[in-house]
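*Asks:* Sequence and predicted structure, then a few things I'm wondering about:
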Amino acid sequence: NFEQFDEASREKIKTLENTYREKLKLEEPAKYWSDRAKKLKRQGWFAMAVIVIIVLITTKFLGELLWETPESILLSWFNDDKSSAIRWSIIYVTLISFVAFCLRAVIRFMFSSFHLSRDNEERHTLTYFYLSLLNDSKVDKEDKRLIMQSLFSRADTGLIKEDSSPKMPSDVTKLFEK
């Protein structure tokens with residue numbers, strides 16, 4: 001009876017030591033992912049505020065320009081010389097195009113920040129899920145490899161389209177195979 005208890009205790013201690021070793025390996029990355037998720041979420045909300053400010057300023061500016069159109073532009077539409085009206089139309093279109101380009105860039109940055117924030121939150125959660133699996137059951141080598149690949153693969157930012165799926169760097173694979 002005592003030998004069975006002793007063997008079960010040693011096995012439990014060995015399992016807990018392995019789990020603790022894995023926790024130490026993954027604790028810093030999990031903390032980094034949590035902090036990074038918060039920072040990226042702040043960046044996303046800041047970008048959204050910039051978008052709202054750009055839209056409000058542009059709307060106010062264009063509204064005032066169109067409301068109080070210079071009289072020379074209005075008169076040039078009805079005269080034979082329409083060059084002034086065409087110049088002002090080109091200026092309006094150029095201004096609106098530039099603002100649209102800026103808005104598109106800031107919107108992509110905002111969505112990228114929110115996407116990466118969510119990705120970091122999921123990595124943080126997956127890390128602790130993996131540790132709980134280690135504590136409760138035996139994780140085979142293939143499952144461990146899949147989880148490590150999910151944790152340490154490159155994240156798609158959403159800014160540039162990738163041709164292939166994210167792959168785990170080989171250095172990280174060697175580190176966790178030990």
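*Replies:* Structure's in. What do you need?
*Asks:* tell me the helices in this protein, going along the chain?
*Replies:* Per DSSP state H, the chain carries helices over the ranges 2-67, 71-78, 83-136, 141-152, 170-177.
*Asks:* And the longest one, how far out from the chain middle?
*Replies:* If you compare the mean C-alpha spot of helix 2-67 with that of the full chain, they lie 10 Å apart, counting by CA atoms, centre = their mean, to the nearest Å.
*Asks:* by contact count, what packs against it?
*Replies:* Packing partners of helix 2-67 (3 or more CB pairs under 8 Å, 6 or more residues apart in numbering; DSSP states H and E): helix 83-136, helix 141-152. Every C-beta, even on glycine, is put in place using the N, C-alpha and C of the backbone.
*Asks:* Could you save these as a markdown table and add columns showing mean pLDDT and mean neighbour count?
*Replies:* Formatted as a markdown table, the helices and strands packed on helix 2-67 follow (pLDDT from 0 to 100; neighbours: other CB atoms under 10 Å):
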| stretch | mean pLDDT | mean neighbour count |
| --- | --- | --- |
| helix 83-136 | 86 | 15 |
| helix 141-152 | 74 | 15 |
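*Asks:* how about a markdown table for these, with distance to E64 added?
*Replies:* Listed next are these as a markdown table, based on distance: least, CB to CB, whole Å:
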| stretch | distance to E64 |
| --- | --- |
| helix 83-136 | 12 |
| helix 141-152 | 52 |
